[in-house]
Structure formats: C-alpha cells, structure tokens
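In: Sequence and predicted model, in that order:
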Amino acid sequence: MANVFEGYLNGKDLKIGIVVARFNEFITNKLLGGAIDTLRRHETDEANIDVAWVPGAFEIPLVAKKMAESKKYDAVICLGAVIRGSTSHYDYVCNEVSKGVAQVGLQTGVPTIFGVVTTENIEQAIERAGTKAGNKGADAAMAAMEMASLLKKF
Ligand SMILES: Nc1c(NC[C@H](O)[C@H](O)[C@H](O)CO)[nH]c(=O)[nH]c1=O
Ligand SMILES: CC(=O)[C@@H](O)COP(=O)(O)O
C-alpha cells in the first residue's frame with residue numbers, strides 16, 4: 001500500500017494572506033468575496049485573513065512575496081482580472097503575473113495561489129467571478145487550504 005499524502009479543505013487555525021488587484025475592481029471584488037466566503041465557510045477565522053490591495057495584476061507578485069517572506073501566512077492567495085484590450089499589453093501583464101506568482105511559491109515555500117482571471121473579454125471575466133463558470137476566487141481559496149495543510153505534512 002503506497003503512502004499517500006493529501007491536504008484537507010479546512011481553514012481552522014490557518015492564517016491566510018490575500019493580494020487583490022484594484023484594476024477591473026468590478027470583477028476583483030467578486031473574486032475577493034468568493035475567496036473570503038469560502039475560507040469562512042471552511043472554518044477560517046476572518047481575523048486570520050489579511051487583504052492587501054495593489055494597483056493592478058502586474059504588482060501582485062511583489063506584495064505576494066512580501067507576505068510569503070514574512071512567514072506570517074500558511075498560504076497567499078493572488079486575485080486579479082486581466083482582460084484583453086486592443087494592444088499586446090495583455091500578454092505582458094499575464095506573463096509576468098503568472099510567472100511572478102509561481103516564483104513566489106517556489107522561492108519561499110509558501111503556497112502562493114494563482115487566482116487571476118485572464119480573459120478575452122469582460123463577459124468571460126463576469127462568468128468566472130460568481131456566475132455561470134463559478135468563482136475563481138473561491139477556487140483559489142480551496143486550493144490555498146488544501147496546499148497549506150498538505151505542506152504541513154512534509
Ligand atoms: N490592463 C490591466 C492591467 N494593467 C495594469 C497593470 O497591471 C499595472 O498595474 C500597470 O502596468 C502599472 O504597473 N492590470 C490588471 O490587473 N488588469 C488589466 O486588465
Ligand atoms: C490587459 C491590459 O493591459 C489591457 O486592458 C490594456 O488595454 P489596451 O491593450 O487597449 O491598452
């Protein structure tokens with residue numbers, strides 16, 4: 001019988017940091033609400049959730065790194081909404097925020113969850129912020145709880 005390790009979907013005793021971008025706030029506020037609601041409904045004490053607002057998704061990795069390096073958090077959740085415009089700026093922002101968030105987790109060992117929606121249009125973003133495609137903020141919160149508890153086992 002193999003030794004199987006898996007995390008739990010429970011936030012009791014977890015301290016969570018959330019970095020959320022203000023750009024496309026109409027969307028990111030819904031992602032934040034989904035994340036906090038999910039954490040709360042899985043026994044996370046809201047007093048153990050810290051939220052940092054940044055201007056846009058490009059700024060997320062820096063603040064996520066500061067949170068992770070503080071060693072105050074069992075996981076850091078990164079929330080944003082990058083919606084394609086009429087130039088290539090979308091590609092640069094998406095590339096840097098995704099690479100940056102991944103690097104924070106690998107460099108610090110703190111689960112750093114990518115909850116940034118990257119969409120072709122506003123409709124797709126709305127679908128992923130609490131309507132027909134669910135709430136990516138809620139999904140990120142679930143991943144944060146699972147990863148935080150899993151890493152405690154190693
Ligand atoms: N177009 C979007 C941005 N752009 C702003 C950048 O994220 C950054 O804040 C700026 O370049 C200054 O460094 N940000 C988003 O979060 N979503 C977008 O759709
Ligand atoms: C993702 C973006 O940076 C984008 O919203 C900016 O729009 P544009 O490419 O039209 O300047």
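Out: Nice, I can see it. Ligands and ions are numbered 1, 2, ... in the order given.
In: all contacts plus neighbour counts: C-alpha atoms, from now on.
Out: Noted.
In: and stretch 95-103, average pLDDT?
Out: If you average the pLDDT over stretch 95-103, you get 98.
In: Report the buried residues of it.
Out: Using 16 or more other Cα atoms under 10 Å as the test for burial, stretch 95-103 gives 96-98, 100-102.
In: does any bit of that stretch sit next to ligand 1?
Out: No - residues of stretch 95-103 contacting ligand 1 under Cα under 6 Å from any ligand atom: none, with a closest distance of 8.3 Å.
In: Output that stretch as CSV, nothing but the C-alphas.
Out: The C-alpha trace of stretch 95-103 is given here as CSV (Å, rounded to 0.1, in the frame of the first residue of the first chain):
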residue,chain,number,x,y,z
ASN,A,95,3.0,36.5,-18.5
GLU,A,96,4.6,38.5,-15.7
VAL,A,97,1.9,38.0,-13.1
SER,A,98,1.7,34.2,-13.7
LYS,A,99,5.5,33.8,-13.7
GLY,A,100,5.8,36.0,-10.7
VAL,A,101,3.2,34.3,-8.6
ALA,A,102,4.7,30.9,-9.4
GLN,A,103,8.2,32.1,-8.4
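In: now it, how far from the centre of its chain.
Out: 12 Å (Cα atoms, centre = their mean, to the nearest Å).
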